[in-house]
Each structure stands twice: as structure tokens, then as C-alpha cells.
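Enquirer: Attaching a predicted model along with its sequence, questions to come.
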Amino acid sequence: MSETRTRPLPLAGGIAATAAARARTHERPGKTKIEAVNFDFYYGSFKALDQINLAIPEGEVTALIGPSGCGKSTLLRAMNCMHARTPGARATGLLTIDGEPIYSDEADPILLRRRIGMVFQRPNPFAKSVFDNVAYGLRVLGERNSKRLAERVEWALRRAALWDEVKDRLNATGTSLSGGQQQRLCIARTIAVEPEVVLMDEPCSALDPISTLKIEELIADLRGSFTIIIVTHNMQQAARVSDHTAFMLMDPETRAGQLVEFGPTAQLFTSPRDARTEAYLSGHFG
Amino acid sequence: MSLETNMLTYQQRSRVDKTLRGCTIVATSIAIVPLVLIIAYVLFVGGSALNRDFFTQTYRPPVPAGIDPLTGLPIDGMEEGDLSQVQARGGVLHGIVGTLMVTITALLFSLPIGILAGIFLAEYPDTPFNTFIRFCCDVLSGAPSIVIGVVGFTLIVKPMGSYSGIAGAIALTFLMVPTIARTTEEILKLVPNAVREAAMAMGAPMWYSTLTVVLPAALTGIVTGALLAFARGAGETAPLLLTIQGNSNLSFDLLAPMAALPILTYKYIESPFPAENQLAWGTAFVLMILVLGINLLVRVTTARIKR
């Protein structure tokens, strides 16, 4: 799969530049991709995230775990400015991608989202054909050449391990696929534009075990090509797919989400430093 | 701690249940009876007024009593001045053409305005301006239609110096825009937010995602709203009376006075000649079929899409 990644990209502009940036950063492994420094997030007067400090390494899989209401989805969505249309949502502190602040007057959420893709909890393909679903992001970027579109769509569908199942029905509606196929279609749609970061918000919670397994295999396969951040309720899943794990918890008094512990997945699961992490992992609460 | 069924309470409850169900059935029947009677009566009386001339001819003056319309000679044994013997001639082609032209023009005006307003109401909520617009729509769609007619007369007919089809179309636009805007808003709100988020996460600007994802998903509903607005506009009388005035001849000129089916119905039913009263039932019949047909079309299209 690595040769597909290093192949010169047929798209001009943003995507090629993105790929070049990725090629550069791969020379320096262990670089921080997304970093939060004293990051707070508010819904109106309610503080949903309190003093988050975390550095997400590039090209690896980071899992955000924690009980319901601990703010892990809020943190994930904050990385993509998905709260832009929520009235009263605002951020303070610093959240950066490649050192550039995500929340600043100069930052454009639309340009940001072209670098950071997102896969949602419930598969949400458009009521369009399989082909048009995957081509959507490319068309947003202005690609009109049908030959290059077809190439990129096939590339993305192969990458999402869906090509063999849908190659004969690219014109079928995306919503006519099975739930697991729809989710892989959404992943194909996301990676078609080769984002630098892929955010996944509980991508398997609406899927059956076999589809879940396929998505997990896919995440393992995409690891290295993309910086992946996955929110999951399922601790086993976090242990299976991620290199790093962040454990979050809601402060019982302020109800604000806090980061309890962040570290390599193996270390966090086997010898957690914080007693609350250990209690959660051993099923004592949450 | 098992609970015993209190049989008395149970019997009381089922009696109350039956009584209330009976009440709802009676109330529904009372509501439906007039509707069925109106439709049946108009179809029965109006249907007999229909013939080829009705659809192909325009207005022609009725023949005086006691005169043979073909020869123009007096008919023996008939009393002059007997109104029941007056024969109506001609048809309402000018009214059918007028209604279609005025209402379609109004639809062309109100579709872009209504759909854009609906998009604004649904996609940019929670602004004071939005609340204000929604309030205006509700007031406007509840406004008495004669008021719309007076406004059309003052704003368009007077400055233009004459009654005209275009004035009628603009008056109907006032009535149709709120309907289209509100139905568009309601339909857009039914489009799942997940779809908007997906497009947003792809880096699509809002106008692009609205155009490529949200509107296509709501298309059937918007067409439904447009058809219902058309049906409403086609049946309006008061705004047209004061704007297009009516015309006895076939006219395709939107800048001149035009005929319309509701206005013809109004004029013919006031006519002293029973034969012309008959024509009023005919125009009422055509209007009714038009509105019923559009409603049926809406039903069929939405049912097909839902499947």
C-alpha cells in the first residue's frame, strides 16, 4: 500500500501540496501533528473541555476513550471546527495543526477541513451514487476532469477495501449499501482527497461485529498514511487499533471534560499512572 | 406484591374508550360530508355545462329570447323577454388561458423568491431577522386575499394605468411566496443534519453543500410545495378581481386585462340568464378538477418517492 501513497498524485493544488508536506514530515518521524495547549471549550456558559494538553503524533493512531459525557467527541469535533454552526460554541487556549492555530481570525475552517477529514458515528453517505459520493470532496476542490476523477475514486475505494464489492455498481445509490459498506464508503469519501488527518467519531458503534472488524483492519492499513484520531467507547477497540490513548473524564463538580492520562496504548492499558484510569479500565466506573 | 386487576375500573375504561372513539368517528364524518357534497354537486351540475364549445370558444353574448341563434329570425310560440329561454353561447377558453398564464407567471416569480427565503429560514436559524421573516410569512399567508388585491391595485394597477395580467401575477406572488417559503423550510428541516455535517467535513462551503446535497434531498418536498401554491393561486378570486379585471376575449397579452376562471365563475353566477349561471358551474367544475388533479399529483409523487 505504501507505493500507492508515494505515487505522484494526479491532482494539482491543495492535494499535491498536502502530499508533499506529508512526504517531508515522514522524514522526521514522531513529529506532533495536532497539539492542544491549555485548551478550553465552551457551549455558551457551559465549559465542556477544561485545560486539555495533548500532543497527537503524526502518522499514528490515537484513541480518545472515556465514559459518556467526558468530552471526547467535543474535543474531536473541535479539531475540525465542526461546532462552527453551533450557537454559543467557542474555544480558548491553543489548538494547533502543524503549529498553526485552528482557532484564530486568520484560520479558515473550510480550508482546515480540507486537511482534516472526518468519519461519523452513523454512516452518512449522500443520496447520490457510490461514485459521486467518493468524488464529492474532489469536486469541492474543483476537479472536473472525468478521467482523473475516475482514477481517484477507484484509488480511494480500493484503499477503503470496498472496490471489489462495489466496482460493478458504482452508479447505485450510496444509501443502498449495507451499513458496514456505507461506513467504508464514508471512509473512502474522506480519504479520496488525501487529508492529513482523519477524525473518526465512534465509527463502529452502529455496525455489526464483522463490519467492525473490517473497519479496524482498514484503520490498521491506513495507519502511517494518515494521522488518525478515533473516539471509541470500546476499550478493546482502542487497545487493538491505536498507538496512543488519551483517557478523558468528566469533572464530577464542574461537569467539564478533562484529560486524565495520555500515553502509548500499551503502557496506558498495562500500567496506568493515574488511579482513575486504572479504575475505568478495570470496569469500576463509566 | 402482585397487582390485582380491578375489573370494574377496566370495564369503565373500555366504555370510555369506545365512547371517545365513536365521537371521533362522528366528528370526522361531519367534516367530510360537506366536502363530498360540494364535490358531488359541482361535478353533477357543472359537468352538464361542459361541451366542445365550452373549451374552444370565448365569450359570446347570449341570444335574445325568442330569436333563433342560427337564423336570427323570431321563433314562433315563444314569448319575448322570457329569460329562461335565453341561450348561452360560446365558452370559457379565455378564462382557462388567463388562469394558466397568470398563475404560471406568478409561480415563476414566487419559486426563486420562496425557495431562497425557505433556505434562509431553515439554514440560517436563530437570528432576529430570521424570526421576523418567519413571522411575516405567517401573517402574509393568513392575510385576507382581498387585502392582497387592494395592495396589488394600489402598487401596480394605478401606476401602470391599467388592469393587467402581470398585476394579477404579482398579487398572486404575494400569496404564493409565503406558502413556498414555509413548505421549503419545513422540508429542509427534515433533511438529516448528518448529511450537512458530512458535506461540511468535506470542506464544502455552505452554499455548495446546500446546492449539491441539501436541496436535492428535499426536491420532492419543494415540488410539492410549489404545486400546492399553484393550486392555491389558481383558485384565488379577490386579488385577481382588482388586478386583472377580466376580459371577454381571448388575450395572451400579460400587459392587458385578462380573464380567469374564478372571475368568470363570479360574473356568470351573477348573470340574470339561467343559461349563463350554468356556465358558472362549468368554470367551477374546471377549477375544482384542476385543484383536485394537482393534489392527486402531489399524493402520487410523494408516495412514489417514499417507496
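Expert: Alright, I've got the coordinates.
Enquirer: Give me the distance between stretch B:228-236 and the centre of its chain.
Expert: On the basis of C-alpha atoms, centre = their mean, to the nearest Å, the separation between the geometric centre of stretch B:228-236 and that of its chain is 2 Å.
Enquirer: which intervals of the chain have sub-threshold pLDDT?
Expert: I went with chain A, as the question did not name one. By pLDDT under 70, the low-scoring segments of chain A are A:1-29, A:285-286.
Enquirer: Can you look at chain B instead?
Expert: Screening chain B residue by residue with the criterion pLDDT under 70, one finds the ranges B:1-7, B:64-72, B:74-88, B:305-307.
Enquirer: Next to chain B, which bits of the stretch 1-150 of chain A? Give me the list.
Expert: The interface of the stretch 1-150 of chain A toward chain B, taken as C-beta under 8 Å from any C-beta of the partner chain, is made up of A:80, A:82, A:84-85, A:87, A:110-114, A:117-118, A:120, A:122, A:124-128, A:136-137, A:139-141. Just so you know, the C-beta spots here come from the backbone N, C-alpha and C atoms, and that holds for glycine as well.
Enquirer: which of those residues are buried?
Expert: Neighbour counting by 16 or more other C-beta atoms under 10 Å in any protein chain shown classes A:80, A:82, A:85, A:110, A:112-114, A:117-118, A:120, A:122, A:124-128, A:136-137, A:139-141 among the residues of the stretch 1-150 of chain A next to chain B as buried.
Enquirer: Which ones among the residues you listed lie within helices?
Expert: A:110, A:112-114, A:136-137, A:139-140 (DSSP state H).
Enquirer: Spatially, which residue comes closest to A:Ile97, not counting chain neighbours?
Expert: Leaving aside its sequence neighbours, A:Ile97 sits nearest to A:Ile34 (C-beta to C-beta, 6 or more residues apart in numbering or on different chains; 5.3 Å).
Enquirer: Run a quick check on the one you found versus A:Met79, I expect a contact.
Expert: Yes: counting by C-beta atoms under 8 Å, A:Met79 is a contact partner of A:Ile34 at 6.0 Å.
Enquirer: Mind listing the shared neighbours of the two?
Expert: The contact sets of A:Ile34 and A:Met79 overlap at A:95, A:97, A:197, A:229 (C-beta atoms under 8 Å, 6 or more residues apart in numbering or on different chains).
Enquirer: Quick check: residues of chain B near chain A?
Expert: Counting by C-beta under 8 Å from any C-beta, the positions of chain B adjacent to chain A are B:126, B:192, B:194-195, B:197-205, B:208, B:212-213, B:216-217.
Enquirer: Would you mind listing which of those are buried?
Expert: B:195, B:197-204, B:208, B:212-213, B:217.
Enquirer: Greatest separation within those residues: which pair is it?
Expert: Using C-beta to C-beta, the two most remote members of these are B:Gly203 and B:Ala217, lying 19.5 Å apart.
Enquirer: Which single residue of the stretch 51-200 of chain B ends up nearest chain A?
Expert: B:Ala194 (3.9 Å; C-beta to the nearest C-beta).
Enquirer: host element of A:Ala63?
Expert: For A:Ala63, the element it lies in under DSSP states H and E is strand A:61-65.
Enquirer: who does that strand touch, helix- and strand-wise?
Expert: Here strand A:61-65 is seen to pack against helix A:72-78, strand A:227-231, helix A:235-241, strand A:244-250 when contacts are counted using 3 or more C-beta pairs under 8 Å, 6 or more residues apart in numbering or on different chains; DSSP states H and E.
Enquirer: With mean neighbour count and distance to A:Ile56 added, can I get the ones you listed in JSON lines?
Expert: As requested, these are arranged in JSON lines below (neighbours: other C-beta atoms under 10 Å in any protein chain shown; distance: least, C-beta to C-beta, whole Å):
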{"stretch": "helix A:72-78", "mean neighbour count": "22", "distance to A:Ile56": "10"}
{"stretch": "strand A:227-231", "mean neighbour count": "26", "distance to A:Ile56": "6"}
{"stretch": "helix A:235-241", "mean neighbour count": "19", "distance to A:Ile56": "14"}
{"stretch": "strand A:244-250", "mean neighbour count": "25", "distance to A:Ile56": "7"}
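Enquirer: TSV please, covering these and showing distance to A:Gly263.
Expert: Rendered in TSV, the data for those read as follows (distance: least, C-beta to C-beta, whole Å):
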stretch	distance to A:Gly263
helix A:72-78	16
strand A:227-231	15
helix A:235-241	12
strand A:244-250	7
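Enquirer: So the nearest residue to B:Val102 once chain neighbours are set aside: helix, strand or coil?
Expert: Taking C-beta to C-beta, 6+ apart as the measure, B:Val102 lies nearest to B:Gly168, with 4.6 Å between them; neighbours along the chain are not counted. The assignment at B:Gly168 comes out as helix when based on DSSP: H, G, I helix; E, B strand; the rest coil.
Enquirer: With A:Gly44 as the reference, measure out to A:Gly88.
Expert: 4 Å (C-beta to C-beta, to the nearest Å).
Enquirer: nope, B:Ala199 is what I meant
Expert: Distance check for B:Ala199 against A:Gly44: by C-beta to C-beta, it reads 26 Å.
Enquirer: What residues does the spatially most central residue of chain B make contact with?
Expert: Compute the mean C-alpha point of chain B, and by C-alpha atoms, centre = their mean the closest residue is B:Arg232, 1.9 Å away. Residues in contact with B:Arg232, defined by C-beta under 8 Å, 6+ apart, are B:175-176, B:179.
Enquirer: Closest to B:Ala280 out of those residues?
Expert: When these are compared for distance to B:Ala280, the smallest value, 23.1 Å, is given by B:Leu175; criterion: C-beta to C-beta.
Enquirer: how about the residue lying closest to the closest one once chain neighbours are set aside, what does it touch?
Expert: Nearest residue to B:Leu175, sequence neighbours excluded (C-beta to C-beta, 6+ apart): B:Ile148, at 5.8 Å. The contact partners of B:Ile148, taken as C-beta under 8 Å, 6+ apart, are B:171, B:174-175, B:238-239.
Enquirer: Select from the contacts of B:Arg232 the one having the most neighbours.
Expert: B:Met176 (28 neighbours; other C-beta atoms under 10 Å in any protein chain shown).
Enquirer: Can you pull the phi/psi pair for it?
Expert: Summarising the backbone geometry of B:Met176 under the convention degrees, to the nearest 10, its torsions are phi -90, psi -30.
Enquirer: still on that earlier bit, narrow the buried ones among the residues of chain B next to chain A to those in strands?
Expert: Judged by DSSP state E, those include no members of strands.
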